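[1] Just a sequence and a predicted model for now, questions to come.
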Amino acid sequence: MVTGRLIAAQILALTALTILPSPAFSHPHDPQDSTATAAVDSAEAVPQRDFGDLARVILRRPVRTDVVEELRPGLSLTVLPSVGYNAAYGAYAGASVSLGGWLGNPKTTSLSSGAAGATYSTEGQLSIQFRSDFYLPDDQWALKLDWRYLDTSQPTYGLGPSHPDRPEYPMDFVLYRSYQTLYKRVSSSPVYFGIGYHFDRYDEIHDERAELGEITPYVAYSGGAPTRAQLSALSANVLVDTRDRAIDARRGMFWNASLRSYMEGLGSDENSQSLWSDFRSFKQMPWKSRPNVLAIWSYLWFTFGNSPYLDLPAIGWDTYGRSGRGYVQGELRGTNQVYVEAEYRMRFTDDGLWGGVVFANASGTTSVPGGTFERLDPGGGAGLRLKFNKRTSTNLAADVAVGRSRTSRIFLGLQETF
């Protein structure tokens, strides 16, 4: 059993991890590890290839993996297909439009990115979203946006750890989300503090088994079967980012924490609070001339007060929906959640075309407000990587993972999990 004191210790340890590795800050574009940097330089001295190059050899004609329009020097618009497979969604397809580049001097300004996308899945799920990470000149300000519309149908499984043969409770709902956070850099450090506004509205909620008269976990937690829920919050945030790049990072660390206060005066159904902490670390592990990477991801997600059932911490409901390979999205849900994952990323060929990963994760959830963590639910697996776009360092990822049920699940998509 994990007590409140142990949770507090985990938070302090996580905070310490973000501070200790880099007593002196260097800009993300600067070399930080001479051995690892030498491996990168050696590998990238070999002409890099991607899916387009491979397809051109097979088809004997030019093949583009993106459509790029230069909006101004250093800033471009990219159109990419969006395809993948997830155990909760099924197969999905669509398109995304990405904005990428530098809004200031590239020597002193981090890479900015934004992406708008729309997908439709074989399970009838429609997703429209826009996310961005913009850095203004000299990294003095940062703006993060997360806007989305989701019309979905997927099962829920109650609260707490996974159990064998746990029944499914199919639910339909529509989600409207609008998150925006503005950060100000502290002097010349990699630390930012920010304020944000967060809005969620769950509409047209239908619990199929509850509508047949059954007392489902949703009914038991909510004290009924409400068909809508609304949350509106102000937040205090901290951001630390020393990664060399946001996509397929090779070195550095990232920490983003947010304390949100949902208030009736702002439009929330009830007053409540939540705490989110997302920590990632990337360390190059050179093997011969190839820059392999050990990546660590950990997050804490706590709620205080009576948060709506569908807004409770749940696996696969992190910002980018990537946690918990081995489990269906929403399979692990609770009033609080802790999560950790380690992934070893390997480059199989010097030209960067082929690679692979092995990974392991563990998640802990609580079933009642203020409850304790009964046990961790493990997951793990392996995957293959094909460089889809060498310009943006975007990989086509295919993973096979298993969770506590030992059921194999396939996950396909573009970009790394974290």
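    Thanks, I have the structure now. Numbering: from 1, shown residues only.

[2] Could you check how many residues crowd around residue 408?
    A count of nearby residues for residue 408, using other C-beta atoms under 10 Å, gives 12. From N, CA and C alone the C-beta is placed, and that goes for glycine too.

[3] Please report how far it lies from residue 267.
    Computed with C-beta to C-beta, to the nearest Å, the distance linking residue 408 and residue 267 is 43 Å.

[4] Where do the helices of the stretch 1-150 of the chain begin and end?
    Read by DSSP state H, counting those that start in this stretch, the stretch 1-150 of the chain holds these helices, from start to end of the chain: 4-19, 34-44, 51-59.

[5] Where among the ones you listed is average confidence lowest?
    Comparing mean pLDDT across these, the weakest is helix 4-19, with a mean of 39.

[6] and the angle from the helix or strand containing residue 357 to helix 51-59?
    Using DSSP states H and E, the secondary-structure element containing residue 357 is strand 354-365. Orientation check (axes from the mean of the first three to the mean of the last three C-alpha atoms, to 10 degrees): strand 354-365 against helix 51-59 gives 130 degrees.

[7] And the following helix or strand past strand 354-365, what does it pack against?
    Counting by DSSP H and E, the element after strand 354-365 in chain order, helix or strand, is strand 376-389. Using 3 or more C-beta pairs under 8 Å, 6 or more residues apart in numbering; DSSP states H and E as the contact criterion, the secondary-structure elements in contact with strand 376-389 are helix 51-59, strand 354-365, strand 394-402.

[8] a markdown table for the ones you listed, including distance to residue 281 and mean neighbour count?
    Formatted as a markdown table, the entries for the helices and strands packed on strand 376-389 read as follows, by distance: least, C-beta to C-beta, whole Å; neighbours: other C-beta atoms under 10 Å:
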| stretch | distance to residue 281 | mean neighbour count |
| --- | --- | --- |
| helix 51-59 | 29 | 14 |
| strand 354-365 | 14 | 20 |
| strand 394-402 | 19 | 20 |
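
[9] how many neighbours does the nearest residue to residue 112 once chain neighbours are set aside have?
    Take residue 112 and drop its neighbours on the chain: the residue closest to it by C-beta to C-beta, 6 or more residues apart in numbering is residue 134, 4.6 Å away. Here the neighbour count serves as a burial measure; for residue 134 (other C-beta under 10 Å) it reads 16.

[10] which residues does residue 134 bridge with?
    Partner residues in beta bridges with residue 134, using DSSP bridges, are residue 143.

[11] how would you label the residue sitting nearest the centre point of the chain: helix, strand or coil?
    Closest residue to the average C-alpha location of the chain: residue 320 at 3.3 Å, with C-alpha atoms, centre = their mean. Using DSSP: H, G, I helix; E, B strand; the rest coil, the three-state assignment for residue 320 comes out as coil.

[12] Pop out the phi and psi values for it.
    In terms of degrees, to the nearest 10, the main-chain angles of residue 320 are phi -110, psi 10.

[13] how about residue 310, what does it touch?
    By C-beta atoms under 8 Å, 6 or more residues apart in numbering, the contact set of residue 310 is 171, 173, 175, 202, 205, 229.

[14] how about a cut-off of 6 Å?
    Taking C-beta atoms under 6 Å, 6 or more residues apart in numbering, we find residue 310 in contact with residue 202.

[15] now do residue 232
    Contacts for residue 232 (C-beta under 6 Å, 6+ apart) come out as 199, 266-268.

[16] Equivalent analysis for residue 241, please.
    residue 254.

[17] Residue 392: which element?
    Assigned by DSSP H and E, residue 392 belongs to neither a helix nor a strand.

[18] burial count for it?
    For residue 392, the count of nearby residues is 24 (other C-beta under 10 Å).

[19] Angles on the backbone of it, please.
    Phi and psi for residue 392, reported as degrees, to the nearest 10, are phi -100, psi 0.

[20] Can you give me the distance of it to residue 118?
    Using C-beta to C-beta, we find residue 392 at a distance of 20 Å from residue 118.

[21] pLDDT weak spots in the stretch 1-150 of the chain?
    Using pLDDT under 70 as the threshold, the predicted model of the stretch 1-150 of the chain has low-confidence ranges 1-44, 63-74, 86-88.

[22] And the strands in the stretch 1-150 of the chain?
    Counting by DSSP state E, counting those that start in this stretch, the segments of the stretch 1-150 of the chain that form strands are 67-72, 75-86, 90-101, 112-121, 126-135, 141-156.

[23] Mind putting these into a markdown table with distance to residue 343?
    Formatted as a markdown table, the entries for these read as follows, by distance: least, C-beta to C-beta, whole Å:
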| stretch | distance to residue 343 |
| --- | --- |
| strand 67-72 | 29 |
| strand 75-86 | 18 |
| strand 90-101 | 23 |
| strand 112-121 | 21 |
| strand 126-135 | 21 |
| strand 141-156 | 23 |
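
[24] Am I right that residue 351 sits in a helix?
    No: with three-state DSSP as the criterion, residue 351 is located in coil rather than a helix.

[25] Name the residue most distant from the centre of the chain?
    In the chain, the greatest distance from the average C-alpha position (C-alpha atoms, centre = their mean) is reached by residue 60, at 37.2 Å.

[26] quick one on the thing from earlier: contacting residues around the strand holding residue 357?
    Among residues not part of strand 354-365, those counted as contacts by C-beta under 6 Å, 6+ apart are 160, 315, 332, 334, 337-348, 373, 376-380, 382-385.

[27] Give me the average confidence score over it.
    Computed over strand 354-365, the mean pLDDT rounds to 96.

[28] Same check on stretch 171-187?
    Over the span of stretch 171-187, the pLDDT mean works out to 96.

[29] and what of stretch 407-418?
    If you average the pLDDT values across stretch 407-418, you get 84.

[30] Contacts for that stretch next, please.
    Taking C-beta under 6 Å, 6+ apart as the criterion, the residues outside stretch 407-418 that touch it are 84-85, 87, 248, 280, 297, 322, 325, 394, 397-402.

[31] can we see that at 8 Å?
    Residues from elsewhere that reach stretch 407-418 (C-beta under 8 Å, 6+ apart): 80, 82-87, 91, 247-248, 280, 295, 297, 320, 322, 325-328, 341, 343, 345, 357, 359, 383, 388, 394-403.

[32] now do stretch 92-101
    Contacts to stretch 92-101, defined as C-beta under 8 Å, 6+ apart, come from residues 71, 74-86, 111-122, 125, 127, 132, 392.

[33] Derive a PyMOL selection command for the buried subset of these.
    To isolate the buried ones among the contacts of stretch 92-101 in PyMOL, judged by 16 or more other C-beta atoms under 10 Å, type:
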select buried, resi 74+76+77+78+80+82+84+85+86+111+112+113+114+115+117+119+121+125+127+132+392
